[in-house]
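*Asks:* Here's my sequence, what's the structure:
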Amino acid sequence: TINEVENQILTRDSKGITQEQLNEFRASFNHFDKNRTGRLNPEEFKNCLISLGYSVGQDKQGEIDFQRILSIVDPNASGYVQFDCFLDFMTRESTDVDTAEQIIDSFRILAADKPYILPEELRRELPPDQAEYCIQRMQAYTGMDAVQGALDYMSFSTALYGESDL
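*Replies:* Predicted coordinates:
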């Protein structure tokens, strides 16, 4: 109907995504919504994310990451993901793309302009799960000014987000 078309245009324009992205998100959601209920259960939602190129690991960390995403798209823990919540999430994911430079700049601020960061600084500044994630994955900093326990946030950031121009 005309109303549905107008709503789609308003939704697309207000969210800052292209018509192609909206169509892709809608088509993927509908593909996994086999019963046409307008909502996905967690397994359908996970498969939908994977079909859109989202990396959902099969290990314990992957499950933790997926549960975090699920808590965002199903904040009331209803057991289902509605299309509007799915669209909000996908819109944030596709428009809020961090670059290696942005991440390095953030770590540099946390590290008080040092070229390395210490585990205690990460634990003080980040939520516990994020701090531990970084600490476990950052390599030791090996520069001339290295101190005991120093971590290399630059190589970590470029490994996660691609090459940096810094």
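
*Asks:* Next, count neighbours for residue 33.
*Replies:* 19 (other Cβ atoms under 10 Å). Heads up, the C-betas are built off the backbone N, CA and C, glycines and all.

*Asks:* quick one: it and residue 44 touch, right?
*Replies:* Yes - with contacts counted by Cβ atoms under 8 Å, residue 33 reaches residue 44, the gap being 6.9 Å.

*Asks:* Do a quick rundown of the strands in this structure.
*Replies:* 39-40, 81-82 (DSSP state E).

*Asks:* Run through who's touching the first one.
*Replies:* It stands for strand 39-40. Residues outside strand 39-40 that contact it (Cβ atoms under 8 Å, 6 or more residues apart in numbering): 29, 32-33, 48, 80-83, 86.

*Asks:* Closest to residue 74 out of those residues?
*Replies:* Using Cβ to Cβ, residue 81 comes nearest to residue 74 of those, at 5.4 Å.

*Asks:* What pLDDT is listed against that closest one?
*Replies:* Residue 81 is assigned a pLDDT of 95 by the prediction.

*Asks:* What's opposite it in the beta bridge?
*Replies:* Note on residue 81: beta-bridge partners residue 40, judged by DSSP bridges.

*Asks:* Give me the neighbour count for it.
*Replies:* Using other Cβ under 10 Å, residue 81 has 26 other residues around it.

*Asks:* Same question for residue 83.
*Replies:* Neighbour count for residue 83, taken as other Cβ under 10 Å: 15.

*Asks:* again, but for residue 34
*Replies:* Residue 34: 9 neighbours (other Cβ under 10 Å).

*Asks:* wait, what's in contact with it?
*Replies:* residue 44.

*Asks:* how far away is it from residue 104?
*Replies:* 43 Å (Cβ to Cβ, to the nearest Å).

*Asks:* Can you lay out the strands of the chain as a markdown table showing distance to residue 53?
*Replies:* Output for these, formatted as a markdown table (distance: least, Cβ to Cβ, whole Å):
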| stretch | distance to residue 53 |
| --- | --- |
| strand 39-40 | 17 |
| strand 81-82 | 18 |
